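Trainee: The following comprises the amino acid sequence and a computationally predicted model.
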Amino acid sequence: MTTHSATLAIDEAVSARRAAGHNVLHLGFGEAGLPVAPGLAEVLDDARLRNGYGPVAGSPQARTAAASWFTTRGVPTEADQILFAPGSKPLIFALLAAIGGDVVLPRPSWVSYAAQAALLGRRVIPVPVPAEAGGVPDPDLLEQALRQARADGARPGVLVLTVPDNPTGTVAPAEQVKAVCAIADRHGLAVISDEIYAELTHHGTAPSPVHHLAERTVVTTGLSKSLALGGWRIGFTRTPSSPWGQRLHRELTGIASEIWSSLAAPMQAVAAHALSDPPEVTAHIAASRRLHARIATEVHTRLLAAGAHCRPPQAGFYLYPDFAPAREALNAQGITTSSDLATTLLKRHDIATLPGSAFGEPDTTLTLRLATSLLYGTTPQQRHTALTAREPQTLSWIAPGLTRLSTALDELTTSPHRRRDR
């Protein structure tokens, strides 16, 4: 049985809890939490009467814009390397189906990779990430894991990387990406590089595997995160120009034709406009990047104050704290797993998070994923204000949420005898 995606399930659970009268602080869902960028609603309105089917891979205008978008970011691309879809999630599933072989994943990794592999009947070969950053396996452990997997009868075929990373909110160092690509090359693996957060690095740019394994790296991305268009479902992929990449593109087009036919025509018009990098769109992304960095840093400070280990945020709006240092205090409250920890935060404090077990970690760890982007407000006006504020963490609808999180974490991680002494 295929279970409900953990990220979507927590969002629906929060909605139900709020409907029942609870004031829930929602840190469980990776929605970008910002208003639509200037000009995009007008483009969508102009395209609303485009109700016919379009080319499976996308309109010439959208594909040309996407190719130019990649090229201006240092990855020369032609329009015939592009394919659009209703979100990057179905693209990743289609790519796993088209490439074949068992799936090598960093651990922790986004919830849907392993679920999609299971739907295809593929084994998952998890490899822990190093201490520095997530999204890319530890190179020293990857070689060993591949040898062991083959000895156990697996057929590793594709390595999925996430640069920048969900769930840790970090960016793997360039040398780590290069080392992992060299191992993938030696073992004949294809690489799917999920780069949907690449526009949201807090400082600098994210290193793409395509620069190290160009002939066998497929890049997936979309507009759900950089432009907060999750509900519009615009994803696209860049396949290599190599003979292998050309064959893959044909296979991917065939799969797409049988599953989603084409991206909705009005959304193709939006994509063609947004990917041409109009100044108002790039300015909107820059402002969102600053906001994500500021609020994620604020939450990181509170996690450290509660005694958690946590990598500093480097991109997007995620944090991945480990509460192992507070294990004794948590165990005294009957909290022994990441699931226990997430459940306690929700039921006792009305704070929604996701347990590390949802991302492939053993449940015995005390890890959580926190998404900070729904702190920005509940109305378009609040979110617009947050986007332009010099000190968004002080806004009257953001500051109480930060304080509430600190209070809950302090209560959970403080030992019982210390609480009695207060």
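Mentor: Thanks, I have the structure now.

Trainee: quick one: secondary structure of Val36?
Mentor: coil (DSSP: H, G, I helix; E, B strand; the rest coil).

Trainee: What confidence value was assigned to it?
Mentor: Among the per-residue scores, Val36 holds a pLDDT of 97.

Trainee: tell me what whichever strand or helix holds His273 is packed against?
Mentor: Secondary structure from DSSP states H and E places His273 in helix 265-274. Contacts of helix 265-274 with other secondary structure elements, assessed using 3 or more Cβ pairs under 8 Å, 6 or more residues apart in numbering; DSSP states H and E, are made with helix 40-46, helix 60-72. C-beta coordinates here come from the backbone N, C-alpha and C atoms, glycine included.

Trainee: For the closest residue to Ser406 other than its chain neighbours, list the residues it contacts.
Mentor: Counting by Cβ to Cβ, 6 or more residues apart in numbering, Arg302 is the residue found nearest to Ser406 once chain neighbours are left out, at 4.6 Å. Taking Cβ atoms under 8 Å, 6 or more residues apart in numbering as the definition of contact, the neighbours of Arg302 are Leu402, Leu405, Ser406, Leu409.

Trainee: Which of these ranks first by neighbour count?
Mentor: Leu405 (24 neighbours; other Cβ atoms under 10 Å).

Trainee: quick one: it and Val299, what's the gap?
Mentor: For Leu405, the distance to Val299 (Cβ to Cβ, to the nearest Å) stands at 7 Å.

Trainee: Report the inter-axis angle for the helix holding His273 versus helix 60-72.
Mentor: 30 degrees (axes from the mean of the first three to the mean of the last three Cα atoms, to 10 degrees).

Trainee: In PDB, list the C-alpha atoms belonging to helix 265-274.
Mentor: Taking Å, rounded to 0.1, in the frame of the first residue of the first chain, the C-alpha atoms of helix 265-274 are listed here in PDB:
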ATOM      1  CA  ALA A 265      -1.200  25.800 -21.800                       C
ATOM      2  CA  PRO A 266      -1.800  28.800 -19.600                       C
ATOM      3  CA  MET A 267       1.000  27.700 -17.300                       C
ATOM      4  CA  GLN A 268       3.300  27.300 -20.300                       C
ATOM      5  CA  ALA A 269       2.700  31.000 -21.000                       C
ATOM      6  CA  VAL A 270       3.600  31.800 -17.400                       C
ATOM      7  CA  ALA A 271       6.800  29.700 -17.700                       C
ATOM      8  CA  ALA A 272       7.800  31.400 -20.900                       C
ATOM      9  CA  HIS A 273       7.500  34.800 -19.300                       C
ATOM     10  CA  ALA A 274       9.000  34.000 -15.900                       C
END
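
Trainee: what residues does it touch?
Mentor: 37, 39-40, 43-44, 46-48, 50-54, 58-59, 61-62, 64-66, 84, 86, 223, 227, 229, 232-234, 236, 262-263, 281.

Trainee: cool, and stretch 225-233?
Mentor: Surrounding stretch 225-233, the residues in contact under the criterion Cβ under 8 Å, 6+ apart are 30-37, 40, 44, 86-87, 196-197, 199-200, 223-224, 263-264, 267, 270, 274, 281, 284-285, 288, 316.

Trainee: do the same with stretch 321-330
Mentor: Contacts of stretch 321-330 from elsewhere in the structure, counted by Cβ under 8 Å, 6+ apart, are 303, 306-310, 336, 340-341, 356, 365-368, 370, 412-416.

Trainee: ok, 10 Å please
Mentor: Residues from elsewhere that reach stretch 321-330 (Cβ atoms under 10 Å, 6 or more residues apart in numbering): 168, 299-300, 302-304, 306-311, 335-338, 340-341, 344, 353, 356, 361, 364-370, 409, 411-419.

Trainee: Got a PyMOL select line for the buried ones in those residues?
Mentor: This is how PyMOL selects the buried members of those, with burial counted by 16 or more other Cβ atoms under 10 Å:
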select buried, resi 168+299+300+302+303+306+307+308+310+311+335+337+338+340+341+344+353+356+361+365+366+367+368+369+370+409+412+413+414
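
Trainee: Among the contacts of stretch 321-330, which ones are in strands?
Mentor: Secondary structure assignment (DSSP state E) places Leu368, Arg369, Leu370 from these within strands.
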